[in-house]
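S.K.: pasting the sequence and the predicted model now:
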Amino acid sequence: MTDFNSVTIFGEVLFDCFPNGEKVLGGAPFNICWHLQAFGDSPVFVSRIGQDDLGTQILNNARDWGIETQFIQQDSLHPTGQVQIELTDNEPHYDITAHSAYDFIRFDEMNLNHLGGILYHGSLALRSADSKEQFARLQKAADWSVFLDVNLRAPWWDKTSLFEWLHVAKWVKLNIDELHELGFNNPDLQKAMHDFRNKFACQQLIVTQGAEGSSVLCEEGFFRQTPPKIKHFVDTVGAGDAFTSVYIHGLLHDWPIQKTLQQAQTFAAKIIGLRGALSTDPDFYRNAFMQ
């Protein structure tokens, strides 16, 4: 029997490197883990870091935030991941370092003490044949309910693998540009999402549309939510991860879809007011869902 009371997150943790030399802890799976930990959901985070200064910083930051680090593997051959970020018209563009430690997560070193519940993953950490194989072993180890967060970061994805993951995901989240890039181009968003669900049969399809808000299509119907007014804008780095974290929090706590969308939009709008994707201020999270 599958339960939705726990979440295991598989994927990258890295440093976002900004043009001014600032390095900020990040990686979509880690960002989501960070937020869920702050919300009190105690996620299990499975990743891999290098045995270097950046890796040490990650472990220290995770421990200080209360995240269990026993499932963050250490790699003596490959460095901790980094992403060079350039901001053009306030939109981030990413140059992702290849052959990082998170590309070499080992199933045999996971030693998870609980299998089952929600399994979150993206597509970036599965960019190599080896990581695909390791993740497949994890998937087969339990009756997971999979949340797939699509990240189409060229050249780090291929349609064949992505479609295989989409066919087994219960929840799929992607942005509207990614929906179109995968071939679902109907100008009527609801029809495009309907076409997607007809092909992949996910339980809930979640599409974010930037300033236009977000939408969900599922058996219960079509749901839309517009974002709140942005009070303070810095950059959009991590806004999608903030949205996803609240969406998973809503699944864990059996929130109605409309409430989940509204709260996810509210929290993403708050993250836009920060440099980078995370806050280290507990008060920021205590007030996370206040407009």
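M.R.: Noted; the coordinates are in hand.
S.K.: state the mean pLDDT of the helix or strand Ile85 falls within.
M.R.: Using DSSP states H and E, Ile85 falls within strand 81-88. Per-region confidence: strand 81-88 scores 87 on mean pLDDT.
S.K.: next SSE downstream of the lowest-mean-pLDDT helix or strand in the chain?
M.R.: The weakest-scoring helix or strand in the chain, judged by mean pLDDT, DSSP states H and E, is strand 91-96 (a mean of 80). Next in sequence after strand 91-96, counting helices and strands by DSSP H and E, comes strand 117-121.
S.K.: so what touches that next one?
M.R.: The set of residues external to strand 117-121 that reach it, using C-beta atoms under 8 Å, 6 or more residues apart in numbering, is 2-11, 29, 32, 135, 138-139, 142, 144-149, 165, 244, 248, 251-252. All C-beta atoms are positioned from the backbone trio N, CA, C, and that covers glycine.
S.K.: hang on, the earlier thing: direction included, what does the strand holding Ile85 pair against?
M.R.: strand 14-17 (parallel), strand 91-96 (antiparallel) (DSSP bridges).
S.K.: just the CA trace of that strand, in PDB.
M.R.: Below are the C-alpha coordinates for strand 81-88, written out as PDB (Å, rounded to 0.1, in the frame of the first residue of the first chain):
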ATOM      1  CA  GLY A  81      28.200  20.400  -8.600                       C
ATOM      2  CA  GLN A  82      28.200  24.000  -9.700                       C
ATOM      3  CA  VAL A  83      26.000  26.100 -12.100                       C
ATOM      4  CA  GLN A  84      27.100  29.400 -13.600                       C
ATOM      5  CA  ILE A  85      24.100  31.700 -13.800                       C
ATOM      6  CA  GLU A  86      23.700  34.700 -16.000                       C
ATOM      7  CA  LEU A  87      20.700  37.000 -15.700                       C
ATOM      8  CA  THR A  88      19.300  38.500 -18.900                       C
END
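S.K.: can you tell me how far the nearest residue to Lys23 once chain neighbours are set aside sits from His93?
M.R.: Counting by C-beta to C-beta, 6 or more residues apart in numbering, Phe15 is the residue found nearest to Lys23 once chain neighbours are left out, at 4.6 Å. Computed as C-beta to C-beta, to the nearest Å, the Phe15 to His93 distance reads 16 Å.
S.K.: the two: which has the busier surroundings?
M.R.: Phe15 (21 against 9; other C-beta atoms under 10 Å).
S.K.: contacting residues around that one?
M.R.: Residues in contact with Phe15 (C-beta under 8 Å, 6+ apart) are Lys23, Val24, Leu25, Gly26, Leu54, Gln57, Thr80, Gly81, Gln82, Val83.
S.K.: need the pLDDT of it.
M.R.: 92.
S.K.: for Phe147, give me its contacts.
M.R.: Val7, Ile118, Leu119, Tyr120, His121, Ala169, Lys170, Trp171, Lys173, Thr244, Ile248, Leu251.
S.K.: of those, which is the nearest to Lys270?
M.R.: Proximity of the contacts of Phe147 to Lys270 (C-beta to C-beta) peaks at Thr244, which lies at 14.5 Å.
S.K.: quick one: the helix or strand containing that closest one to strand 91-96, angle?
M.R.: Assigned by DSSP H and E, Thr244 belongs to helix 239-252. Here the directions of helix 239-252 and strand 91-96 differ by 90 degrees (axes from the mean of the first three to the mean of the last three C-alpha atoms, to 10 degrees).
S.K.: since that was my last question, I'll sign off now.
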